[in-house]
Structures are given as structure tokens and as C-alpha cells.
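Visitor: Dropping the sequence and predicted coords here.
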Amino acid sequence: MAKSYLKEVYSGDTNDSRELYASWAATYDKEVQKNGYVTPKRIANALKDVVTDQSDFILDYGCGTGLSGFALQAVGFENINGLDVSQEMISLAEKKSIYKNLKVFDPFTEIPVYPDQYKIITAIGVIGAGAAPLKVFDSLFTLLPQNGLFAFSFNDHTLNDPSYEKKVKSCLSQGHATMLHKSYGDHLPKANLKSNIYILKKL
């Protein structure tokens, strides 16, 4: 029987989870899909409703094996680039033929994207417990141009830490962004997990 990583990832050290994701890569899709992983589809549908030009390039940050890119492609987004810290995950994403470009990077260095390169950045199931730290929120948001869109999610484990929602509220209250979409719904329903999804428009 294949090892289950879900519980391990939410209780692990988030400073550098590359080893865990490298080990999980081969069974990742099967495990999360078995648990009904739906957050990528929810974000893709929400983005489709607010994006005027679906030909705009999207940066799928933390693209993993490509499930998020697959959801974006399914609703009509074709120009998607992926970025992840795991070579093992990226190698599997390449086989799905979704992304125009895929790149692996070291999370302890700067994100290899220049400011205003993308009008849309997604971080689907990426920021929070067991994954990227909260500082990634600021790093990605800073890269967007004015009127750029940031689509992301916080699952229940992440929402248990009030600093994540506080970060979003601070971004809004300081006039840095406006909220185009926020909803709470299924994340991994068969694991009894839900998530908030958000789309912010940079002001």
C-alpha cells in the first residue's frame, strides 16, 4: 500500500519541504484526487468569471504536478507557466503538456520572475500549513502590475493561524488591493478539509 502523505505534510516543517514533496511526487495526484481535491477547479472557475482576456499569461506558482494548471486550462486559459521548488513534481507536470514553460527554483532565493511579467499569478493550495510560508504572499503580490490579479487559497489548517487572514485584511485595508472574490468551500472533501479561495486585484 502506498504511503499517505496528507497528514505528514500538514504537521511537517515548512521551512524546506522539498524532500517531502520529492518523495510524494509519484503518488501525489492519486492521493489528492482520491480525497476529492477541488480547490484548483474552484479557483479556475472564479478566475474565468473576472478575467477579460484569457490569453493573458498566468504564473502558476507552486504548480506541483500540474493539477492546478490542468484546472486553469480546462476553463479556457492556454498561456500558463509553472514554477515549483520540486524537480520531481515538475517532471510529472511536464508530461501533462499544459505549460508553455516550467522552471524549478530554490525557495531560499528570490522568485525568478521580474516585476510586471504576469498580469495573473496563482498560488493554489500553496501558501500555508505544510507548504510555502506567509512571506510568499508579499513576494508574489509585489510582482504584479497595477490591476494585476492574485488568486490563492488557504485551507482549514492554514486558517487556524489567524495571521493568514490578517495578512489579506491588511492588504485590503491599506488600499493595496480590492477583493474580487472570496468563498469558503470544499478543498479535500473526503479528508473533511475545506478552504477559502481569494482573488485580489492590485490597486
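Guide: Yep, that arrived. Predicted, not measured: the structure shown is a model, and the values here were computed from it.
Visitor: dump the residue contacts of V168.
Guide: Y198, L200 (CB atoms under 8 Å, 6 or more residues apart in numbering). In this view, the C-beta of every residue, glycine as well, is placed from N, C-alpha and C.
Visitor: So it lies in a strand, does it not?
Guide: No - counting by DSSP: H, G, I helix; E, B strand; the rest coil, one finds V168 to be helix, located in no strand.
Visitor: so what pLDDT did it get?
Guide: Here the pLDDT value assigned to V168 is 97.
Visitor: Could you do T109 as well?
Guide: 89.
Visitor: With the one 3 residues further on instead?
Guide: In the prediction, the pLDDT value recorded for P112 is 95.
Visitor: ok, the residue lying closest to it once chain neighbours are set aside - how many residues close by?
Guide: Among residues not flanking P112 along the chain, F105 sits closest, at 5.2 Å (CB to CB, 6 or more residues apart in numbering). F105 has 15 neighbours, counted by other CB atoms under 10 Å.
Visitor: contacting residues around F105?
Guide: L83, D84, V85, I111, P112.
Visitor: same deal with E165?
Guide: Counted by CB under 8 Å, 6+ apart, E165 has contacts F154, L159, N196.
Visitor: And A151, by the same measure?
Guide: Per CB under 8 Å, 6+ apart, neighbours of A151: I43, A46, L47, I120, I121, T122, A123, I124, I197, Y198, I199, L200.
Visitor: one more time with 10 Å
Guide: 43-44, 46-47, 50-51, 58, 60, 68, 72, 120-124, 180-181, 197-200 (CB atoms under 10 Å, 6 or more residues apart in numbering).
Visitor: give me phi/psi at T142?
Guide: For T142, the backbone dihedrals (degrees, to the nearest 10) come out as phi -60, psi -30.
Visitor: Need the buried ones from the contacts of A151 selected in PyMOL.
Guide: Entered in PyMOL, the line below selects the buried ones among the contacts of A151, by 16 or more other CB atoms under 10 Å:
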select buried, resi 43+44+46+47+51+58+60+68+72+120+121+122+123+124+180+181+197+198+199+200
